[in-house]
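Engineer: attaching a predicted model along with its sequence, questions to come.
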Amino acid sequence: MASSVQPKATPPRVETDPSTTRGERFDAWGYEDTNFALENDLVTLKGSRYELSGKILPGLMTWASSIIGQPLHLREEFIHKQMTPIAPPKIASEFLDGLTQHHISWTQDDTARRRHGHGHALEEVYAIRLGRMHRAPDAVTYPENEAQVVRLVQLAQQHRIVLVPYGGGTNVSHALMCPESEPRAIVSMDMRRMNQILELDETNRMAHIQAGAVGQDLQTELEARGYTLGHEPDSIEFSTLGGWIATRSSGMKKNRYGNIEDLVLDVRMVTAKGVIEGRAMPRESMGIDPRHIALGSEGNFGVITSAKVKIFPLPEVRRFDSVLFHDFESGLAFMQDLSRVPPYPASARLLDNFQFQFGQALKPESHGWKHLKSQLERRVVTGPLGFEPDKMCAFTLLYEGSREEVALQTARVAKLAKKHRGFRAGGENGKRGYQLTFSIAYIRDFMMQLGIMAESFETSVAWSDLAKMCVAVRERILAEHKRLNIPGNPIISWRVTQVYHSGAAVYFYLAILGTGLKQPAETFSILEHAARETILEHGGSISHHHGVGKLRAQFVPQVKSAVGLNWIEGAKQQLDPENIFGIANQGLERKNQV
Ligand SMILES: Cc1cc2nc3c(=O)[nH]c(=O)nc-3n(C[C@H](O)[C@H](O)[C@H](O)COP(=O)(O)OP(=O)(O)OC[C@H]3O[C@@H](n4cnc5c(N)ncnc54)[C@H](O)[C@@H]3O)c2cc1C
């Protein structure tokens, strides 16, 4: 049983949470100064941070209403008024005293506790805004170095505390959701004070970086020194190096730089049994590598404190491009051809017709020459070029490299686009597509105020199964939507975002109207679960990069052999016999909990 609250614990050393310092919102995704707002039926992105900021989006509401099949307006019952209250913390004061004694900062402030108990999956955000948050950590700590992390683990062992490593809290897998049935106190370890580049080795092109470094800070600092890590997940503004490793993250430029597992040369992880460490080698044949347990560990095995990663000189040239295709099938055939041989563009994304239309609906008001130009382009494309607005698809590209490399990438795209009857729509449209990435992340929480429950989920799949899988997912969603008697029309759409030799990653976007439903977020989850079943039945993976967490844990036995699962459980038992890292992701609930 958890000890009761002991008022005599000495006060925390530091109280400011890095999320506050960074200007992060506590009730939705993103920065405090940015949100979509509806005024006089017109949507605007407030703030000045992004390309779209401050611009009126005249077409968005009309388009969204027509798609969902119901008039849309702000709905009182979906407007967030106050944060969900959380239960008071229960934790032994001796543990908190121990932290203070060892100069480890901690807090029991409700805002910090709530923030550290959720990621950004729909159900979690709905819970903190409109529902009930099941459980929050009992305290939040802020270690500043590896010695403090080791000390924290020792204190947790001594006082029977569960520790949960926290990066940027951006996961979309319920990975930070505290297990309701856990009887012990739960303490979050916010790693963001461990955010230094410890060493930059220009000769060997690698950097030793602390795990709590936030992506965009890292990017700025490396760029100032003429380098890039090349890892750019869409959550780069908030997610951390440690979080990327623990979730096996993938960035939009993976074609050029690789996924996180390709970039990490060495990793240090503090476990309940000590530190797993190694050396950064160009490549090594040393039998099974214990450090690999850090990749995809999702807080189950220990705390990643730092990693040595590859770095690359900044590219000489960076250029955007876009191609329109008559239909999804032609775009996909183009993409498959593109994946066959290098040179690959750093990023290549195929958007289905719905997402193409969505992009158009997100176009700000334009006047003068800009307006005229876009009208002319539209007429040419849908007129003499024969593109059908309800079928056409868009492909956005980003080239990076030396002048010669980019010239080769561009020439290859031009040749293949011609082969698949694509229309080169220019760099500006491509650039706009990528710029939208960061502002679009805010739209899900805005839509919630209109009663729309929306979320993306992803998978990877072989080329041969891709199109069939997408169609099957759509059919399943339509059937489930009907079965559950959900109002309006469901939205199910997809984009293909990362290419591989044998297949690609697919992002699905799902939205339903939640008005009149007793449990809108839970209903949404039923649909998402159904979609995942269909994905697995049609050859897709449990996840390409979001990971498993608790959201997809029930599918794990379908994708791992019984022997493999036993082996993972054995590793957990050996490394963490007292289940200090008891966040219970991937179904790793301990059967023999002490
Ligand atoms: C708008 C948006 C866009 C996104 N885009 C992408 C994308 O393009 N690509 C992608 O891969 N993902 C994306 N994600 C998902 C998410 O950003 C990634 O999963 C990311 O890697 C999580 O990092 P984090 O630092 O926020 O980790 P957190 O959310 O804090 O933690 C995730 C898990 O990792 C564990 N963990 C965190 N830090 C450590 C550590 N130091 N040691 C041990 N365990 C640790 C936690 O315990 C938890 O189990 C997106 C999410 C959102 C909301």
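Structural biologist: Received the coordinates, thanks.
Engineer: show me which positions of stretch 498-512 end up buried.
Structural biologist: Across stretch 498-512, burial judged by 16 or more other CB atoms under 10 Å covers 498-500, 503-512. (Glycine included, C-beta is placed from N, CA and C.)
Engineer: just the residues you listed now: which is nearest E284?
Structural biologist: Y500 (24.0 Å; CB to CB).
Engineer: wait, isn't W63 in contact with G359?
Structural biologist: No - look at W63 against G359 with CB atoms under 8 Å: they stay out of range, at 10.8 Å.
Engineer: just the element for the residue of the stretch 251-400 of the chain found nearest the ligand, please.
Structural biologist: Residue of the stretch 251-400 of the chain nearest the ligand, by CB to the nearest ligand atom: G299 (2.6 Å). In the assignment (DSSP states H and E), G299 maps to no helix and no strand.
Engineer: excluding its backbone neighbours, what's nearest it?
Structural biologist: Nearest non-adjacent residue to G299, counting by CB to CB, 6 or more residues apart in numbering: I583, 4.5 Å away.
Engineer: and that neighbour, helix, strand or coil?
Structural biologist: At I583 the chain is in coil, as set by DSSP: H, G, I helix; E, B strand; the rest coil.
Engineer: and it, what is it in contact with?
Structural biologist: Neighbouring residues of I583 by CB atoms under 8 Å, 6 or more residues apart in numbering: 162, 164, 175-176, 178-179, 298-300.
Engineer: now G251
Structural biologist: With CB under 8 Å, 6+ apart, G251 has these contacts: 230-233, 236, 257, 259-260.
Engineer: helix or strand: which one has it?
Structural biologist: Secondary structure (DSSP H and E) places G251 outside all helices and strands.
Engineer: are stretch 573-581 and the ligand in contact anywhere?
Structural biologist: No - Stretch 573-581 does not reach the ligand (CB under 6 Å from any ligand atom); its nearest approach is 8.3 Å.
Engineer: next, count neighbours for P487.
Structural biologist: Neighbours of P487 under the rule other CB atoms under 10 Å: 15.
Engineer: hang on, it packs against Q70?
Structural biologist: Yes - contact criterion CB under 8 Å: P487 and Q70 qualify, at 6.6 Å.
Engineer: shared neighbours of these two, anything?
Structural biologist: With CB under 8 Å, 6+ apart, P487 and Q70 have common neighbours 513, 515.
Engineer: where are the low-confidence patches of this protein?
Structural biologist: Where the chain drops to pLDDT under 70, the residues are 1-15, 367-376, 380, 590-594.
Engineer: buried ones in the helix ranked longest in it?
Structural biologist: The residue-count maximum for a helix in the chain (DSSP state H) belongs to helix 463-483. Residues 463, 466-467, 469-470, 472-474, 476-477, 480-481 are the ones in helix 463-483 that count as buried (16+ other CB under 10 Å).
Engineer: how about stretch 256-273?
Structural biologist: Buried residues in stretch 256-273 (16+ other CB under 10 Å): 256-260, 263-272.
Engineer: so what would you say the end-to-end distance of it is?
Structural biologist: 37 Å (CA to CA, to the nearest Å).
Engineer: about what we covered before: show me the subset of the contacts of G251 that also lies near the ligand.
Structural biologist: P233.
Engineer: next, format the contacts of G251 as JSON lines and append secondary structure.
Structural biologist: Listed next are these as JSON lines, based on three-state DSSP:
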{"residue": "G230", "secondary structure": "coil"}
{"residue": "H231", "secondary structure": "coil"}
{"residue": "E232", "secondary structure": "coil"}
{"residue": "P233", "secondary structure": "coil"}
{"residue": "I236", "secondary structure": "coil"}
{"residue": "Y257", "secondary structure": "helix"}
{"residue": "N259", "secondary structure": "coil"}
{"residue": "I260", "secondary structure": "helix"}
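Engineer: report the two of the contacts of G251 separated the most.
Structural biologist: I236 and N259 (14.3 Å).
Engineer: CA atoms only for stretch 492-511, dumped as PDB, please.
Structural biologist: Extracted C-alpha coordinates of stretch 492-511, given in PDB (Å, rounded to 0.1, in the frame of the first residue of the first chain):
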ATOM      1  CA  ILE A 492     -11.300   8.400 -42.900                       C
ATOM      2  CA  SER A 493      -8.400   9.400 -45.000                       C
ATOM      3  CA  TRP A 494      -4.700   8.500 -45.300                       C
ATOM      4  CA  ARG A 495      -1.300   9.700 -46.400                       C
ATOM      5  CA  VAL A 496       1.800   7.700 -47.100                       C
ATOM      6  CA  THR A 497       4.700   9.300 -45.300                       C
ATOM      7  CA  GLN A 498       7.900   7.200 -45.200                       C
ATOM      8  CA  VAL A 499       9.100   4.800 -47.900                       C
ATOM      9  CA  TYR A 500      11.200   1.700 -47.500                       C
ATOM     10  CA  HIS A 501      12.600  -0.900 -49.800                       C
ATOM     11  CA  SER A 502       9.700  -3.300 -49.100                       C
ATOM     12  CA  GLY A 503       6.900  -1.000 -48.200                       C
ATOM     13  CA  ALA A 504       5.800   2.300 -46.600                       C
ATOM     14  CA  ALA A 505       4.400   4.000 -43.500                       C
ATOM     15  CA  VAL A 506       0.700   5.000 -43.700                       C
ATOM     16  CA  TYR A 507      -1.000   7.600 -41.500                       C
ATOM     17  CA  PHE A 508      -4.700   7.400 -41.200                       C
ATOM     18  CA  TYR A 509      -6.900  10.300 -40.100                       C
ATOM     19  CA  LEU A 510     -10.200   9.500 -38.500                       C
ATOM     20  CA  ALA A 511     -12.800  11.900 -37.300                       C
END
